[in-house]
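S.K.: pasting a predicted model and its sequence here:
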Amino acid sequence: MSTLFIIPANGVEIETDETGEIKNSLREWEYIPVASRWNGGMLFKPPFDRMYHLLSPDIKVYPSDNTPQGIYTLGDIIKEIEEQNERQQK
């Protein structure tokens with residue numbers, strides 16, 4: 001199951017329900033794609049793939065098309081990718 005994780009652009013408020021899914025409909029220019037998950041894999045979208053380490057891991061992220069599945073912050077994405085890389089190295 002794929003999921004696109006986003007952050008709001010220009011101060012847009014993102015409303016979520018109790019499961020973490022986005023309640024309000026967003027237009028393309030109201031959010032910035034940060035990362036995507038597919039079939040158990042996770043990767044940062046450009047330019048975050050080169051600059052995520054410069055940002056606070058506490059930045060909230062939102063699943064645009066699914067439930068969060070344990071991903072609520074930039075730090076959660078970083079942890080998921082690091083664990084994925086460790087599994088691939090074994």
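M.R.: Alright, I've got the coordinates.

S.K.: can I assume I14 sits in a strand?
M.R.: No. Secondary structure of I14 (DSSP: H, G, I helix; E, B strand; the rest coil): coil, not part of a strand.

S.K.: residues making contact with the lengthiest helix in the chain?
M.R.: The longest helix of the chain (DSSP state H) is helix 74-89. For helix 74-89, contacts defined as Cβ atoms under 8 Å, 6 or more residues apart in numbering pick out 5, 34-35, 37, 40-44, 52, 55-59, 61, 70-71. (Glycine included, C-beta is placed from N, CA and C.)

S.K.: for this protein, what spans make up the strands?
M.R.: 3-8, 31-38, 41-44, 62-63 (DSSP state E).

S.K.: mind checking how far the nearest residue to I6 once chain neighbours are set aside is from P68?
M.R.: Distances taken as Cβ to Cβ, 6 or more residues apart in numbering put Y31 closest to I6, at 4.1 Å, once the chain neighbours are dropped. Distance, Y31 to P68, using Cβ to Cβ, to the nearest Å: 15 Å.

S.K.: could you dump the strands of the chain to CSV with mean pLDDT, mean neighbour count and distance to I78?
M.R.: Formatted as CSV, the strands of the chain follow (pLDDT from 0 to 100; neighbours: other Cβ atoms under 10 Å; distance: least, Cβ to Cβ, whole Å):
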stretch, mean pLDDT, mean neighbour count, distance to I78
strand 3-8, 92, 20, 12
strand 31-38, 93, 18, 9
strand 41-44, 93, 17, 9
strand 62-63, 92, 20, 16
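
S.K.: residue contacts, E21?
M.R.: 63, 66-68.

S.K.: if we use 6 Å, what do you get?
M.R.: By Cβ atoms under 6 Å, 6 or more residues apart in numbering, the contact set of E21 is T67.

S.K.: swap in N24?
M.R.: Contacts of N24 by Cβ under 6 Å, 6+ apart are E15.

S.K.: and the gap between it and P33?
M.R.: Computed as Cβ to Cβ, the N24 to P33 distance reads 17 Å.

S.K.: repeat for H53
M.R.: 18 Å.

S.K.: ok, L74 next?
M.R.: 13 Å.

S.K.: what do you get for N39?
M.R.: To P33, N39 is 18 Å away according to Cβ to Cβ.
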